[in-house]
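[1] What follows is a predicted structure for the sequence shown.
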Amino acid sequence: MLLFATTVFLSAFLLFQIQPIIAKMILPWFGGSSSVWSVCMVFFQAELLLGYAYVHWLHEKLSAQRQVLVHLGLIFLSILMLPVAADPSWKGDALANPSWAVFVVLAISVGAPYLMLSTTGPLMQAWYAHAFHTPGAETKPYRLYALSNLASMIALLSYPVVIEPFFAVGVQALGWSAGYLLFALAAIATGVVVYRKKVHATLQTQSTEAPAARPSLRECLLWVGLAASASILLLTMTRQLTNDVAPVPFLWVLPLSIYLFSFILVFDAPRYYVRSAFLVALPLSFIALDFVMQSSFSVPVMISLIALTLFVFCMVCHGELVRRKPPVRHLTLFYLMMSVGGALGGTFVGLIAPMIFNAYFELPIGLFMCAALVAAVLWSTSTSTWRVLLIIALLGYGWRLADISIDYVKGYRVVMRNFYSQLRIEDIAQTKEAPQLGAQRLMLHGGIIHGEQFLDPKLRKTPTAYYCHRSGIGLALDNLSQSTALKIGVVGLGAGTLATYSRAGDEMRIYEINDQVLDLARSEFTYLSDSPAKIVPVLGDGRLMLEREPPQHFDLLAMDAFSGDSIPTHLLTLESMKTYFGHLKPDGILAVHITNHYLNLEPVMAAAAQHFGKVALSFELKPTSKDEYCRQSVWVLLVSPERAANLPEALKIGTTLKPRANFPAWTDSFSNLLGILK
């Protein structure tokens, strides 16, 4: 048992270690969007499905000895793919079809080793049941699945704490490759144990017991549905946490840990799923999440409610799965159906929904699906009265979720969505900060404002929010030379507010990865059309576009491509800074917007400034009741020491940033978000 457990533990640990490693490796190539992680999850679920299908085929068609020979042969072939590394030739192919490009990169770089790892859990369980067909063999293989989920959770939680802060991503990949070799040795040793049993029949023919009845189609569909429901709720509630509640970069770990923890509990011992208690908690969880979707709570309360409700949903879905698990004869079919459900749920959320929906309707759909499946599970054991009540409750809940879904788009001028984000345009009659200024139009991504404009023709050319005259970027642009035409670069368009600072004869080159942002800036706001300067939009990831272009000789380059509080770290590395400075005039200004509720990015900027021999000046604006146009913002200006010594009086209010002791500068292969938590 120790040998089987070791092999399963290593495979599951490596499965969840490679996911953040390879995602971090390719994230800069596809704009740093959070959708990259969603698509990665879809790929890994699809690989898991392929692996489980392969195991089911082995289990059904080949004798135990032939299974060992075929599987160990494939493991030897997968070793030839080491060390794992993403192919840089795909860099920058996000614009045309980012989802497909991510899939291909992952398939080429980690496809074969990941596939072999994904097969290990169910295959080792089947082999164990075959090799040791003794009393208790019906439960022990399923407990190996609990062990694999425990290993997955350890890998997941250890990465941001133990691996990422201390090792560059290239070193991480090499270490993982060494771990894969260790796994291969354990798998070979396990295969030898099974092979020496010298049984030439499949499990079905070698069993002395009466053959177990094959699960019905209805049962298989229930397995698929329960697994898909949990997968949908995991991904959609993760988005709810990171987009609309608290976009802390580490918060995606919490729901995935809950998801894995529920697997650990129900597969290790079914007694942990107290069915009566969880079925009572289920409707209470539906009600609690309804409040989360419709009301405003403090961030800790909302995180707690989402975490608790997700735990209940996962325990019910996975608990019902375990209650319905078949004898070990059909173990591989059971895991195949589970993986089909997981892959379908991930594909729906990660690939299909962004193409067919303009808002995040997946959460209401996932909730209704969960409720409907529980009703289906209870249907066969319910009396006619209870069945009527189940139908009434399900219809009532469906009506409520439909009403919530309508609210997602109701009251907005425009709601749009694609791979990169969901955008909403909202008109408000007046603001609390400046009611006398009248109506205002906002561009929103989740709960974050990406630009705003007053609708009064007299005020619509006034820079607002994080770009007002008193902000760091406003002070920098207002104090540029007025005697010559200027060339300004902007990475991140938003509503186009910075165009208000340009003059006739100036050129403003604006880099934007999301074509929908450009469409909305042109159709819903007038900053771009009102500007007397030459506005040159460049569609694509700002850093990648700048790397491809000849030097632009900007007087000022503004970096404002962050999606709310989610930090695309590839925009703050030494490699990226080198690109930016290569496009500036010798006395040019690099302005970086680092406003963030959860991370202190000043040490990152100070380390980069020290590396390039620049001076970093921080401008923090905390608006008062007198600030009619401003929102709280933090901008850092990086300038040469000569330029810093001759700054105009208005820019001398900036605070010079000092490097933090023992704080390493970020690079494309190393960044540590834990070290800058506020």
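    Perfect, thanks for sending it. Numbering: from 1, shown residues only.

[2] so what's the residue nearest to Phe313 when sequence neighbours are not counted up against?
    In space, Phe313 comes closest to Leu233 once its chain neighbours are excluded; the distance is 5.0 Å by CB to CB, 6 or more residues apart in numbering. Any C-beta I mention is one placed from the backbone N, CA and C, and that applies to glycine too. By CB atoms under 8 Å, 6 or more residues apart in numbering, the residues touching Leu233 are Leu310, Phe313, Cys314, Cys317, Leu363, Gly366, Leu367, Cys370.

[3] change it to 7 Å
    By CB atoms under 7 Å, 6 or more residues apart in numbering, Leu233 lies in contact with Leu310, Phe313, Gly366, Cys370.

[4] Show the model's pLDDT score for the third one.
    By that I understand Gly366. Looking at Gly366, its pLDDT reads 94.

[5] Is there a neighbour count for it? I'd like the number.
    The tally of other residues near Gly366 (other CB atoms under 10 Å) stands at 25.

[6] same deal with Val171?
    Other residues close to Val171 by other CB under 10 Å number 13.

[7] thinking again about what came up before, may I see the contacts of Leu233 arranged in TSV, with distance to Pro648 and secondary structure as well?
    TSV is the format used below for these (distance: CB to CB, whole Å; DSSP: H, G, I helix; E, B strand; the rest coil):
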residue	distance to Pro648	secondary structure
Leu310	53	helix
Phe313	58	helix
Gly366	55	helix
Cys370	60	helix
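
[8] Can you tell me which of these is closest to Ala277?
    When those are ranked by distance to Ala277 (CB to CB), Phe313 comes first, at 14.3 Å.

[9] any idea of the pLDDT on that closest one?
    So Phe313 comes in at 97 (pLDDT).

[10] now do Met508
    pLDDT at Met508 comes out at 97.

[11] Please tell me how far it sits from Lys410.
    Counting by CB to CB, to the nearest Å, the separation of Met508 from Lys410 is 36 Å.

[12] on that earlier part again, neighbour-wise, give me the winner out of the contacts of Leu233.
    Phe313 (30 neighbours).

[13] got the contact list for that one?
    By CB under 7 Å, 6+ apart, Phe313 lies in contact with Ala230, Leu233, Ser285, Cys370.

[14] Please repeat the previous calculation with a cut-off of 8 Å.
    Phe313 makes contact with Ser229, Ala230, Leu233, Leu282, Ser285, Cys370 under the criterion CB under 8 Å, 6+ apart.

[15] Nearest spatial neighbour of Pro20, chain-adjacent residues omitted?
    Excluding the flanking residues, the one nearest Pro20 by CB to CB, 6+ apart is Tyr159, at 5.0 Å.

[16] okay but that neighbour is in contact with Phe13, surely?
    No. Tyr159 is beyond contact range of Phe13, at 10.5 Å (criterion: CB atoms under 8 Å).

[17] Of those two, give the one with the bigger neighbour count.
    Phe13 (23 against 19).

[18] which strands and helices sit next to whichever strand or helix holds the more buried one?
    Per DSSP states H and E: Phe13 is located in helix 2-26. When contacts are defined as 3 or more CB pairs under 8 Å, 6 or more residues apart in numbering; DSSP states H and E, helix 2-26 packs onto helix 35-61, helix 98-131, helix 140-158, helix 169-195.

[19] Any buried residues in the third one, and which?
    It stands for helix 140-158. Neighbour-count burial for helix 140-158 flags 140-156 (criterion: 16 or more other CB atoms under 10 Å).

[20] Any idea which helix or strand in the protein has the lowest mean pLDDT?
    Least confident helix or strand of the chain, by mean pLDDT, DSSP states H and E, is helix 203-206 with a mean of 43.

[21] next SSE after it?
    Toward the C-terminus from helix 203-206 - assigned by DSSP H and E - lies helix 217-239.

[22] Alpha carbons of that following helix, in CSV - could you do that?
    C-alpha atoms of helix 217-239 as CSV (Å, rounded to 0.1, in the frame of the first residue of the first chain):
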residue,chain,number,x,y,z
LEU,A,217,-27.2,5.6,-18.4
ARG,A,218,-29.2,7.6,-15.9
GLU,A,219,-26.6,6.9,-13.2
CYS,A,220,-23.8,7.9,-15.5
LEU,A,221,-25.5,11.2,-16.4
LEU,A,222,-26.0,11.9,-12.7
TRP,A,223,-22.3,11.4,-12.1
VAL,A,224,-21.5,13.8,-15.0
GLY,A,225,-24.0,16.4,-13.8
LEU,A,226,-22.9,16.4,-10.2
ALA,A,227,-19.2,16.8,-11.2
ALA,A,228,-20.1,19.5,-13.8
SER,A,229,-22.1,21.4,-11.2
ALA,A,230,-19.3,21.5,-8.7
SER,A,231,-16.8,22.5,-11.4
ILE,A,232,-19.1,25.4,-12.7
LEU,A,233,-19.6,26.7,-9.1
LEU,A,234,-15.9,26.5,-8.3
LEU,A,235,-14.9,28.6,-11.3
THR,A,236,-17.8,31.1,-11.2
MET,A,237,-17.5,31.7,-7.4
THR,A,238,-13.8,32.1,-7.8
ARG,A,239,-14.5,34.9,-10.3
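
[23] All set, thanks.
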